[in-house]
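Participant: Build me a model:
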Amino acid sequence: MALNCGIVGLPNVGKTAIFSALSSAPAESANYQFSTKNPNIGIINVPDDRLEKLSAIFKPKRTIPATVEFVDIAGLVKGASKGEGLGNQFLAHIREMGVIAHVVRCFDDPDVLHVSDKIDPAADIETINIELALADLDTLAKRRERAQRVLRVQGKPEQKASEAVLAVLDKISPALENGLPVRSVPLEPEEKALVYDCHFISAKPQLYVCNVDEEGMKALSGGKENAYVSAVQKIAAAENAPAVVICGKFESELIAIEDPEEKLAFLQEIGLTEPGLSPLIHAAYGLLGLRTFFTTGEDECRAWTISAGDTAPKAARAIHTDFEKGFIKAEVYTCADIFQYGTEAKIKEAGKYRIEGKEYVVQDGDCLFFKFNL
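Facilitator: Predicted structure coming up:
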């Protein structure tokens, strides 16, 4: 799976404003459709207060956070699967993503056009989901045709493999025909492997981003309900998908403020204590199956990105391939340990400093020191 998150949605829902805030770099945006034909790409720092605490303890020369890639993809419209609005081009961009962040407009503003001339989050979500399902149906039909051709002309081993593929496609097809995503179909790992080459768009993990205006964010912070947001949250809950709430316009203005006190005051105006982008970044990071370990010292405190389930040698590879090749052992303690005891010496005294070998599965929040030999 690609380690990036594609920001998708209908035109004029606030995707590019959110991306600009994420990447701290202005991106092309306009009050008309298809202003961003080519995707904007940003490498985004992952907020992590554990890294800040580690830096306060070790006082390193530099502190380097983990990162995740976000891609701003131009708005899709009804008919995109048939090429409407350069839909084929945009769908191809989405196909390259590891995770989809579906931005849904949850605010009223007569000055910002809506492609359907009305604000209806559920209908907007349905439009996007149907277009993705239709695109996947086209992919499925081509894969089925190829498998059926093998049944007619190949030998028995190839025929048996194609029969297995066709059985999985038959399980997926009814969902797509009803506008449901591939991810809604329960498949065993071996079944997913059989149709991996299809690269179904709707099989990708998805999170929802409710884009509200400042008044909407103030109301939500004050405990009031927002009918638009509630509609999205209901759909997300049914899909067991994350849903985060962001005011894209506010976040894009907040990012331009450098003074910490002024930034905090600006946040407090709408009832926030931290930027609303943080939950979005963490949600995408988690859906991508990513985890963080740390290296610490006087020169550098750094957060490293690995995949969930990676063993110590694979984690060492994140630093350098030689670390994996010559891996001997890993010295390990947790962030919680250093926060509790204050120094590595005291961690050792408490018996919390561990030596782990090649089979050790690195946990999120581990602090590691690798020993290797070439």
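Participant: mind saving the C-alpha coords of stretch 142-160 as PDB?
Facilitator: C-alpha atoms of stretch 142-160 as PDB (Å, rounded to 0.1, in the frame of the first residue of the first chain):
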ATOM      1  CA  LYS A 142     -11.900  -6.000 -17.400                       C
ATOM      2  CA  ARG A 143     -10.400  -8.300 -14.800                       C
ATOM      3  CA  ARG A 144     -13.300 -10.800 -15.100                       C
ATOM      4  CA  GLU A 145     -12.800 -10.800 -18.900                       C
ATOM      5  CA  ARG A 146      -9.200 -11.600 -18.500                       C
ATOM      6  CA  ALA A 147      -9.800 -14.400 -16.100                       C
ATOM      7  CA  GLN A 148     -12.500 -15.900 -18.300                       C
ATOM      8  CA  ARG A 149     -10.100 -15.800 -21.300                       C
ATOM      9  CA  VAL A 150      -7.600 -17.800 -19.200                       C
ATOM     10  CA  LEU A 151     -10.300 -20.400 -18.500                       C
ATOM     11  CA  ARG A 152     -10.800 -21.000 -22.200                       C
ATOM     12  CA  VAL A 153      -7.200 -21.200 -23.400                       C
ATOM     13  CA  GLN A 154      -4.800 -22.000 -20.500                       C
ATOM     14  CA  GLY A 155      -3.900 -25.200 -18.700                       C
ATOM     15  CA  LYS A 156      -5.500 -26.600 -15.600                       C
ATOM     16  CA  PRO A 157      -3.200 -24.800 -13.000                       C
ATOM     17  CA  GLU A 158      -4.000 -21.400 -14.600                       C
ATOM     18  CA  GLN A 159      -7.700 -22.300 -14.900                       C
ATOM     19  CA  LYS A 160      -7.900 -23.100 -11.200                       C
END
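Participant: where in the stretch 201-350 of the chain is pLDDT low?
Facilitator: Within the stretch 201-350 of the chain, the set of residues satisfying pLDDT under 70 is empty.
Participant: Break down it into its strands, ranges please.
Facilitator: Remark: strands of the stretch 201-350 of the chain, listed N- to C-terminal, are 206-211, 243-246, 290-295, 300-307, 327-334; assignment by DSSP state E, counting those that start in this stretch.
Participant: Show me what the second one is packed against.
Facilitator: Taking 3 or more C-beta pairs under 8 Å, 6 or more residues apart in numbering; DSSP states H and E as the contact definition, the neighbouring helices and strands of strand 243-246 are strand 206-211, helix 227-239, helix 277-287. Every residue, glycine included, has its C-beta placed from N, CA and C.
Participant: Single out the most deeply packed of those.
Facilitator: Among the helices and strands packed on strand 243-246, the stretch with the highest mean neighbour count (mean count of other C-beta atoms under 10 Å) is strand 206-211, at a mean of 25.
Participant: now the angle between helix 277-287 and that one, please.
Facilitator: Counting by axes from the mean of the first three to the mean of the last three C-alpha atoms, to 10 degrees, strand 206-211 points 170 degrees away from the direction of helix 277-287.
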